[in-house]
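> quick check, what structure comes out for this input:
(chains A and B)
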Number of protein chains: 2
Amino acid sequence: MSTEIVAAMRAIVGDSGVLEPAEISKRSAGMWRFDTLRGAALVRPSSTAQVAEVMRWCHARGISVVTHGGLTGLVHGADAQPDDVILSLERMRAIEAIDPLQRTATVQAGVVLQTLQEEVDKHDLAFPLDLGARGTATLGGNAATNAGGNRVIRYGMTRDMVLGVEVVLADGTIVSSLNQLIKNNTGYDLKHLFIGSEGTLGIITRLVLRLREKPRATNMAFAGVDSFDALAQLLKHMDRSLGGTLSAFEVMWRSFYQLVTTPPAKGRPPVTSDHPYYVLIESQGADQDLDSQRFNAAMESALEAGLIADAAIAQSADDCHAFWALRDDVGQVMQGGMPVVFDISLPIAAMERYANTLRETLAAEISEHKLWIFGHLGDGNLHVVVQVKPMEYLALRPKVEALVYGPLAECNGSVSAEHGIGLEKKPYLHLSRSSAELAVMKTLKTALDPKGLLNPGKIF
Amino acid sequence: MSTEIVAAMRAIVGDSGVLEPAEISKRSAGMWRFDTLRGAALVRPSSTAQVAEVMRWCHARGISVVTHGGLTGLVHGADAQPDDVILSLERMRAIEAIDPLQRTATVQAGVVLQTLQEEVDKHDLAFPLDLGARGTATLGGNAATNAGGNRVIRYGMTRDMVLGVEVVLADGTIVSSLNQLIKNNTGYDLKHLFIGSEGTLGIITRLVLRLREKPRATNMAFAGVDSFDALAQLLKHMDRSLGGTLSAFEVMWRSFYQLVTTPPAKGRPPVTSDHPYYVLIESQGADQDLDSQRFNAAMESALEAGLIADAAIAQSADDCHAFWALRDDVGQVMQGGMPVVFDISLPIAAMERYANTLRETLAAEISEHKLWIFGHLGDGNLHVVVQVKPMEYLALRPKVEALVYGPLAECNGSVSAEHGIGLEKKPYLHLSRSSAELAVMKTLKTALDPKGLLNPGKIF
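Down below sits the predicted model:
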């Protein structure tokens, strides 16, 4: 079968556009993965028309298709079976247009996030989506998974930055919905159906993205905070005091702060290490002088009100980089072996109790482990990292998942704030979604992909 | 049949919750309407469970249901036929919760926009959706139509302010998706399917809305601008210079400015009346003193760069009200009879040519008429108002529509920026949506409402 598929794919995209199974198996399965890809063929179309032709051929024969972007996903959302066709958008990397007046970019889905960031910067514009995998993740993948990142509090998720999409459906129909208008109430807003659907409803081939004027000024601080109540009030205080310019509010529980400020980590502590919470605060604005006055006044009044115990205010771009480097030094959690990484969200009012409960239940159930918590407090999104002894990883992982996910249902939390469901979180989706919600999702899947060929088995 | 329906509805919601046809016909069909309602029964459930029971009964019998909120829509999106059941959410007016920490409000769909605005204000919070019909429009209606309004440039459309919805489907299934988290990537984001679907896919019964910290400072200016190029550059300049705090950029073509600053209108011109364009600029921030410095500096540099010809800067809250009153005095277009009102959007680069072409074609085709243009430039949304002689209104309306809508397809414009399609714009939807897009919309409609009972005939 694979031989026939490879031949058919070559007829569509040309010989060099197709990899056979032996070549496929030389490619990594993705970031933080130790396995390699598998599939009946890996096809690399260079146009939407070719994507459509691939889908028509596969649809007629009932062959499943798994779409690949930059493979930086963390939930096994792009895993393929040996009989699947892998459709990689790596040859669709054109930035087709940047319109400084309309403040939009039109791109093919395979464009790498960082490439677009750098290109729009030349026009004094910004594409505000930003995340650690920026150098590899593609915009099509960002949209398919509704990627979040560090500045959601100000600019929203990928969903909020996409104005239009072009999609190829399971049967090869091209739906070009390349809207470039902020306001467009002409019927159902189809893009939201495909964004965040993890490749199960259609293949995003092109996008129109909303750009912003490039911020001219950045202010940052790093603070130690002595109680969770103070932390929650600090978020409100800074948001209110910065008048719409708060662009990051990244919290670290003490153990994570200590991890990234203690050798072998390269980071040095900007403030003392004895507070229960730490927070990186960033404001992006227009006027360095006036913005700094406002930012410093907000920090001062927070100190006076007892919301922060200790703070360092960035005095230079280097300081800003150093603060962000602490937050981004997530790789330190790999010390001592592969940890179990979670990406949950829950209401702010429930967070402290949740974290304390988790600490207690882990201590009761797993004698030797490490727990780090950090994340985007303003968005309710916490990254929880649990490390057990490497030899016990496989045996204990289900228990760790149960302890982390279990209490979320009760507080209306989410088992995935931004990473998505993929294969990894399927068993836990019911904790965050009711059977009625799941039934509607399945109705949509059946309506758009009745043969179930697009990224089969993912999400539900 | 109506008698049987009325009896069944009374059994569900109680006697006082149902109006018979004779009572229904005493109610106005809505804002700016001269006709009255009609329907087999008007039922006013007081809970989601009652809404579900109404739908189950109607679904079993194939009876169509038209949902009513505040009836402030402008596109005949809630018109009912004599055999339809009208389901009004007017008894579901509870603000169930306001959470100042999570910055969310949970409301029933019948809550009036202004009621929520005033209630959250007491908590030093803001719900930033704002539009002229705020005193009557309901939040369920705002969501069902994805209402826009004056501050979309800063806060987005209603879609962007809704975190979760509870919906009753055509068959009476309750889908409670009352997410309160900014980040939640657990499967398809169902709310976006129902938001903006104009009551055709489900009945929104409850919502979780995202609130913001209440702005502490407002700065405003009113400027005359001598060219469209300058206007477009001014938008970029102000957006960049205000660093994320620009909250309105409302443009008026000269004829509209003159209309609202000349008796019988009560407004007085803040600047001279001889510029081709006028713009109201608003910034919402945190610190009146620092924000004013920044705002004034941005206006000064715009003047120096030749982007504005003349400007008045608001010195008081009264000045701000007076500026907004000009923009909101849309009712002046009723002088001389009912006009044809449009709500289009198009790329900024195409606007000047579009407006000039429209002026010319109207002059060539309709000897006696008036044309006013104003709108939300930052969102690409223009309100075009054309008035013909009252006796010729019905005869000329199709020609006016053709002249206004016709050129939009070529410049990727939209026949509805924010009002929606309803019945009024159905004939023109194909100008903004391809047949492939319409086919997907119909697939969704069929999947969720196979009997076609919800708000039949609307959109497509």
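> I figured residue A:46 hits residue A:12, correct?
No: no contact is recorded between residue A:46 and residue A:12 when judged using CB atoms under 8 Å, the distance being 10.4 Å. Any C-beta I mention is one placed from the backbone N, CA and C, and that applies to glycine too.
> distance-wise, check residue A:4 relative to residue A:194.
With distances defined as CB to CB, to the nearest Å, the gap from residue A:4 to residue A:194 amounts to 30 Å.
> neighbour count: those two, which is higher?
residue A:194 (26 against 11; other CB atoms under 10 Å in any protein chain shown).
> does that one touch residue A:202 like I think?
Yes: the pair residue A:194 and residue A:202 passes the contact test of CB under 8 Å, sitting 5.0 Å apart.
> residue A:441: what secondary structure?
Counting by DSSP: H, G, I helix; E, B strand; the rest coil, the backbone at residue A:441 sits in helix.
> got the domain ranges for chain A?
Structural domains annotated on chain A: A:2-88, A:95-213, A:217-330, A:336-436, as defined by automatic domain parsing.
> could you dump these into JSON lines with mean pLDDT and distance to residue B:210 added?
JSON lines is the format used below for those (pLDDT from 0 to 100; distance: least, CB to CB, whole Å):
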{"stretch": "domain A:2-88", "mean pLDDT": "97", "distance to residue B:210": "26"}
{"stretch": "domain A:95-213", "mean pLDDT": "97", "distance to residue B:210": "10"}
{"stretch": "domain A:217-330", "mean pLDDT": "96", "distance to residue B:210": "12"}
{"stretch": "domain A:336-436", "mean pLDDT": "95", "distance to residue B:210": "11"}
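> nearest to residue B:84, of those domains?
In terms of CB to CB, the element of the domains of chain A nearest to residue B:84 is domain A:95-213, at 21.4 Å.
> how far does the closest one stretch from start to finish?
Counting by CA to CA, to the nearest Å, the length from the leading to the trailing residue of domain A:95-213 is 18 Å.
> before we move on, what about stretch A:333-350?
Across its full length, stretch A:333-350 reaches 25 Å between end residues, using CA to CA.
> and residue A:222, what are its phi and psi?
Geometry field for residue A:222 lists phi and psi as phi -130, psi 120, criterion degrees, to the nearest 10.
> ditto for the one 4 residues further on
In this entry, residue A:226 is assigned phi and psi values of phi -100, psi -10 (degrees, to the nearest 10).
> for residue A:7, same thing?
Note on residue A:7: backbone dihedrals following degrees, to the nearest 10 are phi -60, psi -40.
> what do you get for residue A:125?
In this entry, residue A:125 is assigned phi and psi values of phi -120, psi 170 (degrees, to the nearest 10).
> enumerate every residue touching it.
Listed by CB atoms under 8 Å, 6 or more residues apart in numbering or on different chains, the contact partners of residue A:125 are A:98, A:100, A:103, A:211, A:212, A:213, A:214.
> in JSON lines: these, plus secondary structure, neighbour count and distance to chain B.
JSON lines is the format used below for the contacts of residue A:125 (DSSP: H, G, I helix; E, B strand; the rest coil; neighbours: other CB atoms under 10 Å in any protein chain shown; distance: CB to the nearest CB, whole Å):
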{"residue": "A:98", "secondary structure": "strand", "neighbour count": "20", "distance to chain B": "13"}
{"residue": "A:100", "secondary structure": "coil", "neighbour count": "16", "distance to chain B": "8"}
{"residue": "A:103", "secondary structure": "coil", "neighbour count": "25", "distance to chain B": "8"}
{"residue": "A:211", "secondary structure": "coil", "neighbour count": "22", "distance to chain B": "11"}
{"residue": "A:212", "secondary structure": "strand", "neighbour count": "18", "distance to chain B": "8"}
{"residue": "A:213", "secondary structure": "strand", "neighbour count": "23", "distance to chain B": "4"}
{"residue": "A:214", "secondary structure": "coil", "neighbour count": "16", "distance to chain B": "7"}
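> now the end-to-end length of stretch A:131-140.
With CA to CA applied, stretch A:131-140 spans 15 Å between its terminal residues.
> list the buried residues in it.
Applying a neighbour-count criterion of 16 or more other CB atoms under 10 Å in any protein chain shown, the buried positions in stretch A:131-140 are A:131, A:133, A:134, A:136, A:137, A:138, A:139, A:140.
> which one of those is nearest to chain B?
The nearest member of those to chain B, counting by CB to the nearest CB, is residue A:131 at 12.5 Å.
> save the buried residues of stretch A:131-140 as TSV, and put in secondary structure and distance to chain B too.
Conversion of the buried residues of stretch A:131-140 to TSV gives the following (DSSP: H, G, I helix; E, B strand; the rest coil; distance: CB to the nearest CB, whole Å):
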residue	secondary structure	distance to chain B
A:131	coil	12
A:133	coil	15
A:134	coil	18
A:136	coil	19
A:137	coil	15
A:138	strand	17
A:139	helix	17
A:140	helix	16
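> turn the residues you listed into CSV, including distance to residue A:83.
Conversion of the buried residues of stretch A:131-140 to CSV gives the following (distance: CB to CB, whole Å):
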residue, distance to residue A:83
A:131, 32
A:133, 29
A:134, 33
A:136, 27
A:137, 27
A:138, 25
A:139, 29
A:140, 24
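> closest to residue A:282 among these?
Looking across the buried residues of stretch A:131-140 and measuring by CB to CB, the closest to residue A:282 is residue A:131, at 14.9 Å.
> residue A:333 is in contact with residue A:340, isn't it?
No: proximity of residue A:333 to residue A:340 does not meet the contact threshold set by CB under 8 Å, at 9.9 Å.
> quickly list what's touching both of the two.
Between them, residue A:333 and residue A:340 have A:385, A:387 as joint contacts when contacts are counted by CB under 8 Å, 6+ apart.
> which of the helices or strands spans the most centrally placed residue in chain A?
Ranked by distance to the mean C-alpha position of chain A (CA atoms, centre = their mean), the top residue is residue A:147 at 3.4 Å. Residue A:147 belongs to no helix or strand when elements are defined using DSSP states H and E.
> now the nearest residue to residue A:346 once chain neighbours are set aside: how far from residue B:188?
Closest residue to residue A:346 apart from its sequence neighbours, by CB to CB, 6 or more residues apart in numbering or on different chains: residue A:413 at 3.4 Å. Look at residue A:413 and residue B:188: by CB to CB, they are 18 Å apart.
> in space, what's closest to the residue in the stretch 101-250 of chain A that chain B sits nearest to - neighbours in sequence excluded?
Across the stretch 101-250 of chain A, no residue is closer to chain B than residue A:243, which sits at 2.9 Å (CB to the nearest CB). The shortest distance from residue A:243 to any non-neighbouring residue, by CB to CB, 6+ apart, is to residue B:286 (2.9 Å).
> give the contact list for that neighbour.
Contacts of residue B:286 were listed using CB under 8 Å, 6+ apart, and they are A:240, A:241, A:242, A:243, A:244, A:294, A:298, B:215, B:216, B:217.
> so the fourth one touches residue B:288, yeah?
No: counting by CB under 8 Å, residue A:243 does not reach residue B:288; the two are 10.2 Å apart.
> intersection of neighbour lists for the two?
B:216, B:217.
> quick one: which of those two has more around it?
residue A:243 (25 against 13).
> quick one: contacts for that one?
Taking CB under 8 Å, 6+ apart as the contact definition, residue A:243 lies against A:294, B:215, B:216, B:217, B:245, B:284, B:285, B:286, B:287, B:291.
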